[in-house]
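Asker: 3D model of this:
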Amino acid sequence: MVRRFPLHWAWVVLGTCFVNLFINYSARLGYAVILPEMIKNLSFERADAGSIYNAYLFTYIIITPFTGYLTDRFGARLVITCCALILGLGGLFMGTASGLLTACLYYAIVGLGATGMWTPVITVTQRWFAIHRRGFALGVLSTGYGLGFATMGAVFPWIVQRYNWRFAWYFLGSAALLMVIINALLLRSGPEVEGYQPWGQQNAGKNTKPAIVSYKTVSLGSVFATRTFWFIGISYFLISYALYGVTTFMVDYAKYQLQLPLEKASFLATVHGLGQIVGVLTVLPLSDYLGRKKTIIVSNAMIAVSLMGILVLGYHWGALLFFVGFMAIFYGATFPIYGACAGDYFPRKVMGTIIGAWTPFYGLGAIATHWITGALRDMTGVYRHGFFINIIMAALALFFIRLVRK
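Answerer: Okay, here's the model as predicted:
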């Protein structure tokens with residue numbers, strides 16, 4: 001029984017969710033690392049490669065709101081376990097891809113599995129930690145995707161070199177399938193029904209009686225009708241647009257517009273990854289004390305300043321390194337801290353539904369900025385116009401979050 005375990009079960013849940021996040025984001029990175037070998041072996045065009053990733057992204061955006069709703073209705077344990085199974089099968093299938101159509105289909109399955117590796121994960125983590133400890137917990141959790149990027153970037157080339165690109169997907173799929181068993185054994189959907197209070201809450205520990213959680217007491221229509229939901233969602237869209245418009249084209253900007261050597265341009269990605277880890281371990285815990293709204297205001301303001309620095313002073317290598325790293329600190333904290341707003345501004349019973357409903361705002365921001373920033377670069381030959389729009393978007397994201405009332 002969980003209640004006899006000497007360690008508060010919140011830490012078991014946090015550790016399990018960390019591994020889920022690590023594997024999920026390794027799958028995202030895995031595509032980028034294995035892609036050159038897939039292109040060579042399967043004779044893909046670069047446009048085909050984009051279509052494969054879009055298949056993942058569209059599936060993720062469309063299904064995630066439903067995944068959040070199912071998390072509230074049936075519990076994170078069931079949803080995450082089922083999605084780990086889908087993610088694992090999708091990874092194994094990717095290893096068997098023989099052409100564009102099958103690669104798009106199989107990576108769409110990976111995207112379907114990934115819907116359970118963010119919204120339900122941060123939902124169940126917030127439920128197990130007291131409100132003034134959620135930023136800390138999400139900070140620890142969110143190092144999973146930063147470490148996933150860093151670790152798999154080193155491991156996957158080794159696998160591909162000694163075997164072939166298909167084995168990289170086989171390893172990823174197998175790891176996700178292993179998590180099906182671990183999730184089923186260790187995850188718990190909430191503390192109350194297991195006889196606990198959230199960790200960090202006064203007198204946290206074991207309750208004498210499990211709480212009865214009623215989903216029907218909260219009207220989703222009334223929640224979605226609030227200005228708070230829409231202001232946060234719009235702000236999320238805007239900051240996603242601002243961030244992805246620069247980070248996606250950062251290396252290309254440095255190499256082809258600034259004429260930097262490839263080694264220097266690629267080093268920006270390393271700096272960006274390290275900055276993310278610093279951000280989730282500092283900015284997110286800070287939000288427990290400043291409050292989520294104030295922290296997002298500061299974060300969005302610093303992102304706008306960083307983007308301005310990249311645009312105006314980026315021609316100097318030292319300045320470019322500094323502003324990319326500074327932006328990355330707040331980049332890493334942005335997505336989990338917006339998710340944490342669901343637990344601060346809305347009832348706990350619908351937390352997963354709210355986080356899932358905000359995901360299309362995030363996804364559409366990323367898709368829109370890729371199209372617009374890339375198109376402006378193709379038309380003008382420079383990134384100046386696209387980057388300027390990103391600065392405006394970051395400023396507007398700050399404006400809308402300021403309109404949020406408790």
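Asker: so where's the stretch 1-150 of the chain shaky on pLDDT?
Answerer: Within the stretch 1-150 of the chain, the stretches falling below the threshold (pLDDT under 70) are 1-6, 29-33, 35-36, 45-47, 49-50, 146, 149-150.
Asker: what are the ranges of the helices in it?
Answerer: For the stretch 1-150 of the chain, helices defined by DSSP state H, counting those that start in this stretch occupy the ranges 9-42, 46-74, 76-94, 100-114, 119-128, 134-162.
Asker: do you know which of these lies nearest Ala254?
Answerer: Checking the helices of the stretch 1-150 of the chain against Ala254 by CB to CB gives helix 9-42 as the closest, at 17.2 Å. C-beta coordinates here come from the backbone N, C-alpha and C atoms, glycine included.
Asker: The closest one to helix 46-74, inter-axis angle?
Answerer: Put simply, helix 9-42 runs at 160 degrees to helix 46-74, going by axes from the mean of the first three to the mean of the last three CA atoms, to 10 degrees.
Asker: quick one: helix 9-42 to chain centroid distance?
Answerer: On the basis of CA atoms, centre = their mean, to the nearest Å, helix 9-42 is displaced by 12 Å from the centre of the chain it belongs to.
Asker: same check, this time on stretch 395-406
Answerer: 21 Å.
Asker: related to what we said a few turns ago, output the helices of the stretch 1-150 of the chain as CSV; include the columns mean neighbour count and distance to Ser189.
Answerer: Formatted as CSV, those follow (neighbours: other CB atoms under 10 Å; distance: least, CB to CB, whole Å):
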stretch, mean neighbour count, distance to Ser189
helix 9-42, 20, 9
helix 46-74, 19, 8
helix 76-94, 24, 5
helix 100-114, 21, 19
helix 119-128, 28, 6
helix 134-162, 20, 16
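Asker: Turn the ones you listed into TSV, including distance to Ile401.
Answerer: Listed next are these as TSV, based on distance: least, CB to CB, whole Å:
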stretch	distance to Ile401
helix 9-42	25
helix 46-74	21
helix 76-94	27
helix 100-114	26
helix 119-128	18
helix 134-162	16
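Asker: Identify whichever of the ones you listed lies nearest to Pro336.
Answerer: Relative to Pro336, the nearest member of the helices of the stretch 1-150 of the chain by CB to CB is helix 134-162, separated by 4.4 Å.
Asker: Which elements pack onto the closest one?
Answerer: Secondary-structure packing of helix 134-162 (3 or more CB pairs under 8 Å, 6 or more residues apart in numbering; DSSP states H and E): helix 9-42, helix 119-128, helix 165-186, helix 262-290, helix 317-345.
Asker: Let me know which of the helices of the stretch 1-150 of the chain is the nearest to Ile182.
Answerer: helix 9-42 (6.2 Å).
Asker: now that closest one against helix 119-128, angle please.
Answerer: Counting by the same axes, to 10 degrees, helix 9-42 lies at 170 degrees to helix 119-128.
Asker: tell me the angle helix 9-42 makes with helix 100-114.
Answerer: Computed by the same axes, to 10 degrees, the angle separating helix 9-42 from helix 100-114 equals 170 degrees.
Asker: coming back round to it: format the helices and strands packed on helix 134-162 as CSV; extra columns: distance to Val305.
Answerer: Formatted as CSV, the helices and strands packed on helix 134-162 follow (distance: least, CB to CB, whole Å):
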stretch, distance to Val305
helix 9-42, 27
helix 119-128, 27
helix 165-186, 37
helix 262-290, 15
helix 317-345, 8
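Asker: of all these, which lies closest to Arg377?
Answerer: Arg377 lies closest to helix 262-290 among the helices and strands packed on helix 134-162, at 15.2 Å (CB to CB).
Asker: these two touch, right, Met250 and Gly273?
Answerer: No: Met250 is not in contact with Gly273 according to CB atoms under 8 Å; the separation is 11.7 Å.
Asker: and the two? which has more neighbours close in?
Answerer: Taking neighbours as other CB atoms under 10 Å, Met250 and Gly273 compare with Met250 leading, 22 against 19.
Asker: pLDDT score for that one?
Answerer: Per-residue confidence (pLDDT) for Met250: 81.
Asker: ok, back up a step: of all the helices and strands packed on helix 134-162, which one is nearest Phe231?
Answerer: Nearest to Phe231, of the helices and strands packed on helix 134-162 and by CB to CB, is helix 317-345 at 9.9 Å.
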